[in-house]
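Trainee: Turn this into a structure:
(2 chains)
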2 protein chains.
Amino acid sequence: MRDRYLDFVNSSFGAGVARSIGLPRPEVLRRHRADRPEFGGMAAIGAGPSPALFDALIDVLQSVGMTGVAHESARGWLPLANEHGAMSGRFEPQAPDANASDRVEALIFDGTGIADSTELTKLYGFFHDGIRSVAKSGRIIVLGRPPETCGSPHAWTAQRALEGMARSLGKEARHGITSNLLQVAEGASFEGALRFFLSPRSAYVSGQVVRIEAAPFVKPADWSKPLSGKRAIVTGAARGIGASIAAVLAALGAHVIGLDVPAAKDALDQTMLGIEDASPSGGVHAALLADIGAPEAPAELAAALDALGGIDIVVHNAGITRDRTIAKMTQAAWDSVIDINLSAQERIDDVLLAQNVLHDCGRIIGVSSISGIAGNLGQTNYATSKAGVIGRVASMERVLQPRGITINAVAPGFIETQMTARIPLGIREAGRRMNSMSQGGQPVDVAETIGWLASPASAGISGQLVRVCGQSLIGA
Amino acid sequence: MRDRYLDFVNSSFGAGVARSIGLPRPEVLRRHRADRPEFGGMAAIGAGPSPALFDALIDVLQSVGMTGVAHESARGWLPLANEHGAMSGRFEPQAPDANASDRVEALIFDGTGIADSTELTKLYGFFHDGIRSVAKSGRIIVLGRPPETCGSPHAWTAQRALEGMARSLGKEARHGITSNLLQVAEGASFEGALRFFLSPRSAYVSGQVVRIEAAPFVKPADWSKPLSGKRAIVTGAARGIGASIAAVLAALGAHVIGLDVPAAKDALDQTMLGIEDASPSGGVHAALLADIGAPEAPAELAAALDALGGIDIVVHNAGITRDRTIAKMTQAAWDSVIDINLSAQERIDDVLLAQNVLHDCGRIIGVSSISGIAGNLGQTNYATSKAGVIGRVASMERVLQPRGITINAVAPGFIETQMTARIPLGIREAGRRMNSMSQGGQPVDVAETIGWLASPASAGISGQLVRVCGQSLIGA
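Mentor: Residues are numbered from 1 along each chain as shown, chains lettered A, B, ... in the order given. Model prediction:
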C-alpha cells in the first residue's frame, strides 16, 4: 500500500509545490537496507550527575563504529573514551542552517544518576543545545533506571519524569527523528536495545519506554544474524505483517516456519519461496497449513514442531477483525475474534510449554494493537482480545523467567497494509497523519521490532508492550 | 469559558439546524446539582460466571435508591435481592425507539469471576442486549479484579481483557454515557467508587481503570458530606480549576484553606468569600498567601497549618506553563516549571509528613496532565514535571500506607478555563472534540474527582492516576 501524499511531497516537483503553498512534508524514513551500513557518524552524549552507563555506551558506540562526542554536561566522557581507546571529541551544537554533514545521528542522554527533580535541569541543557543538530531520521535516546527500582521516592519521581521529556521530544523533533526512553536496571546489558534504537530498524518506533532487566546475556556472534540457528514459527505468515515478520526473521538468520490457514496456501507458498530466494545460503524454511482455531491444532502443531527438534521463537501474529458496534455485532463475530486473537494463543503456548517444545531461553511475541490499549469504536471484540494479549504478556513473565523464556507484545499503530487500504479515505488520512512521523508505518517496521525482541540479546526484556506507531496520538 | 458550538446545537433552533445538515451534537452532560437527587432509576445487572460482588452491589444500589434489574446473565441476582429485601426485577432490553422513561441509568457488569478468555463471551451477551437501553448521561461500569492479583495467567489475561471492553464501550456509547472499569481486590469495599462512577459527579470521567485495594474503610455518616470535619488545603485556589476544587471540597463538608500567590490576593479573597456565601452554616475557611516556590514556604506553611491543628487533605493544584519548543526555551522557563509543578510539591509534602502536620488517614492529591502521560509539543518542561507527578504518586504509595494516607493524581484533559480560552480557535476546537464526549470538561469535573479521592471512603485507592478527560483520544 502506497502513501501517495508522502510520495508526492517528496518528489522533486511535489516538494516545490509543498514548499510554496505550505503543505506539511513528512520525511521519507530511513529504513534498514542490507546494502548500506547500519550505523555511522556521530552521537552527541549528554548526562546528568553520576551517569552509570558511560563505559557500556562507549563500548557499544565503538563496536558499531559511531563516534561519541561529548556535550559539556558529559564531563567524564572524554577521559573515559581515551581509556577505552575509542574515537571521541567535543560536541559542537550546530546552527539551524548548518551543513547536513555536520549533524549528529543521535543524541544520547545518560540520566541514570538523576536522583531528584532538581537535577532534571541537566536534560534542558543538553537537549536545548542539541536538538537542532540532529540529522534527518536521527535518534534521541534517554537512558534512565526503572523508576520502581529506585531507593528513594525522589529518585523514583525524577526517573519517571524522564518519560515526559522523551515523549515530548518525540513530538517536537520531526524530520523522521525518533525519541525513546530505555530504563536500564542495574547490571543489565542494554547493547541489544541500544543497537535497535540507534539503527534504521526502529524507524517507526518512537515515544516508547522500554525496561531492561539484568539477565544472562548471550552476545550474538554476528550482530547482523543474531537469530542464527534458531527456529521460529510465525502464525498468519501468508500476507501483510506476518509475511514481513517471516522475511525479517529469516534475514536475521532464523529457520522460519510460516503458518497460515489452508485457504491461504498459495499466498503462503509464495511468501516462503520469496524468503528462500532472498537468502539462498540461509536457513531451512517451511510452510505449515493449519487453522489455529481448531481444537486439535495445538497438539498437532506441537507434534509437528517437536518432530523438527522443537522451536525457539513463537510469533503470534495471526488475527482477525469482525468490526461492528456491540449493538449490531453477532455472537459469532465476538466469539471468533476472541478465540483466534487470544484464546488460541493461550491454548498453543500452554501445549508448547507443557511439552517443552519451546526451548529454554525461547521467545514468545504476541501482536497486540492500539485498539487493545485505548479501545476502539466498532471493535469491542478486537480491543478486548488485544487487551488480553497485553495481559497475557504481563501474566506470563514471571512464570517463564526460570526457563529464560521472554514474552512480549508489539502494538502496531497505523500500518500500510491491504487491511488499512480498505479504510475510507478521510479516516485513512487522519490515521496516517496523527502521529509524530505524519505517516503510516510499513509492515517491516513491525517485523524489525519483533526481530529485536526475538534476539538472544533481548534476554532482559520481558512482560512488555512496545508500540510500533510512530508515536501515535492515540492512547490511554 | 463557554463552548458556543455545544450551546448552539443544543438550543431549540440550533438542534434543528444540526439535525437537518448532519452536524454532530454533543450531549449537554448531566452534572451534580444540590437541588436534584443524585441517584435514581434502574441499573441493569449483568455478570460472568461466579460474580463475587452481588451482595455488596445490592446493598449500594439499595442505599442510593436505585433498582437493580437482572439481565439473564445475572442468574443469582433476583433471589439474592429478595434476601436483602431490595427492589429488583428482570431487565427488559429496550428497542432503539423506546420511550426515554423505560431506559436504565446504568449497566453494571460483575466480571470478577471471569477466569479465562473463553468466559469473556458473557460480556458480549450483556452489552449487546443492553447498550441501547442506557439513558442519556448514563453509566457503564465493569467490575473486575486487579489482574496481577489473579492466581493463574489465564485469569490475569481475561481480567486485563476487560479493559479493552470498557474502553471500547466508552467510545461507542455517546449521549454523555461514561464507561469505566473498577478493579476490586478481594475484600475491598468499592462503595465510594461505585457511588462516584454512578453519580453525575463523574460526568467527564470515562475510559478509566481504577484499582481498589482492601483497606480499613470508614463509611461517611452522611454521604453528601463525606469530608465533614476534615481540613483541606488547595494550592492555586484563586482561580480556575483550583477555585472549583476549593468550592467542591467545601460543599462536601471540608474546612478549606485556599492558597495562592500574593499577587492573586483579590481573586483568592473573592473565591473564598464565594465559598463562605455558598455554605453559611458550613466549614471554617481561610485564605493563605504564599509563593510555594520560595525556599522558606514549606516550613512556613507547615507552621501555619500546624497552628490550625494540622491538615487532612492536601491538593497540589498550583501549576504554571512556560510553553516553548526546547530549542527556544530559556533555562529559567525550564527551571521554574519543574520547580513549581514538581519540586515544590515534594518539598512541601516532605515537611508536612516529617512534622506530622498531615494527619494519619490523610489524603494527598496531585494534579498531573495528559501532557504528563503522552508528552506534548512545546511543553518539554511541563510534560516532564507532570510525568514526575505521576511518578511521585506511585513512589509514595507504599511509604504512606502504614499511616493510612493515600496519594493519587488526576490528569485533566481539555478543560474549559481561561487558559484554554487563549488557545487558537482551530486547535481549541480539535482539543474539545477529540474525546468521547465531543466537548471540553468543566473545572468542576476535575474538582469532583478530587473530592471523591479525598473521601474517607476512598481509603483503598492509592498510587493511582485518574484522567478527567472525557476519554480523550490522546494518550500513550
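
Trainee: Number of residues surrounding the residue nearest to residue A:306 when sequence neighbours are not counted?
Mentor: Closest residue to residue A:306 apart from its sequence neighbours, by Cβ to Cβ, 6 or more residues apart in numbering or on different chains: residue A:357 at 5.0 Å. All C-beta atoms are positioned from the backbone trio N, CA, C, and that covers glycine. Neighbours of residue A:357 under the rule other Cβ atoms under 10 Å in any protein chain shown: 22.

Trainee: same check, this time on residue A:325
Mentor: Using other Cβ under 10 Å, residue A:325 has 18 other residues around it.

Trainee: which SS class is it?
Mentor: Three-state assignment for residue A:325 (DSSP: H, G, I helix; E, B strand; the rest coil): coil.

Trainee: Against chain B, how distant is it?
Mentor: 5 Å (Cβ to the nearest Cβ, to the nearest Å).

Trainee: unless I'm mixing things up, that residue is touching residue B:172, no?
Mentor: Yes: at 5.3 Å, residue A:325 and residue B:172 qualify as touching, with contact defined as Cβ atoms under 8 Å.

Trainee: so what's residue A:283 scoring on pLDDT?
Mentor: pLDDT, residue A:283: 81.

Trainee: Dig out what the closest residue to it other than its chain neighbours forms beta bridges with.
Mentor: Leaving aside its chain neighbours, residue A:283 sits nearest to residue A:255 (3.8 Å; criterion: Cβ to Cβ, 6+ apart). Using DSSP bridges, the bridge partners assigned to residue A:255 are residue A:231.

Trainee: Span of stretch A:43-51 from start to end?
Mentor: 16 Å (Cα to Cα, to the nearest Å).

Trainee: list the buried ones in that stretch?
Mentor: For stretch A:43-51, the neighbour count (16 or more other Cβ atoms under 10 Å in any protein chain shown) marks A:43, A:44, A:45, A:46, A:47, A:48, A:51 as buried.

Trainee: residues from the stretch 1-150 of chain A in reach of chain B?
Mentor: Neighbours of chain B within the stretch 1-150 of chain A, by Cβ under 8 Å from any Cβ of the partner chain: A:116-118, A:120-121, A:123-125, A:127-128, A:131-132, A:147-148, A:150.

Trainee: Show me just the buried residues among those.
Mentor: In the residues of the stretch 1-150 of chain A next to chain B, the ones that pass as buried (16+ other Cβ under 10 Å) are A:117-118, A:120-121, A:123-125, A:127-128, A:131-132, A:147, A:150.

Trainee: Please identify every residue contacting each of residue A:325 and residue B:172.
Mentor: A:377, A:378, A:380, B:131 (Cβ atoms under 8 Å, 6 or more residues apart in numbering or on different chains).

Trainee: Tell me the most packed of those residues, by neighbour count.
Mentor: residue A:380 leads those on contacts (other Cβ under 10 Å) with 33 neighbours.

Trainee: List the contacts of the closest residue to that residue other than its chain neighbours.
Mentor: Using Cβ to Cβ, 6+ apart and skipping the chain neighbours, the partner closest in space to residue A:380 is residue B:168 (4.3 Å). By Cβ under 8 Å, 6+ apart, the contact set of residue B:168 is A:326, A:371, A:375, A:376, A:377, A:379, A:380, A:383, A:384.

Trainee: so which of the residues you listed would you say is closest to chain B?
Mentor: Nearest to chain B out of those is residue A:375 (Cβ to the nearest Cβ; 2.6 Å).

Trainee: Show the pLDDT at the closest one.
Mentor: On the pLDDT scale, residue A:375 gets 98.

Trainee: same check, this time on residue A:464
Mentor: Residue A:464 is given a pLDDT of 98.

Trainee: And for the residue in the stretch 201-350 of chain A positioned nearest to chain B, the neighbour number?
Mentor: In the stretch 201-350 of chain A, no residue comes nearer to chain B than residue A:334, which is 4.1 Å away by Cβ to the nearest Cβ. Residue A:334 has 25 neighbours, counted by other Cβ under 10 Å.
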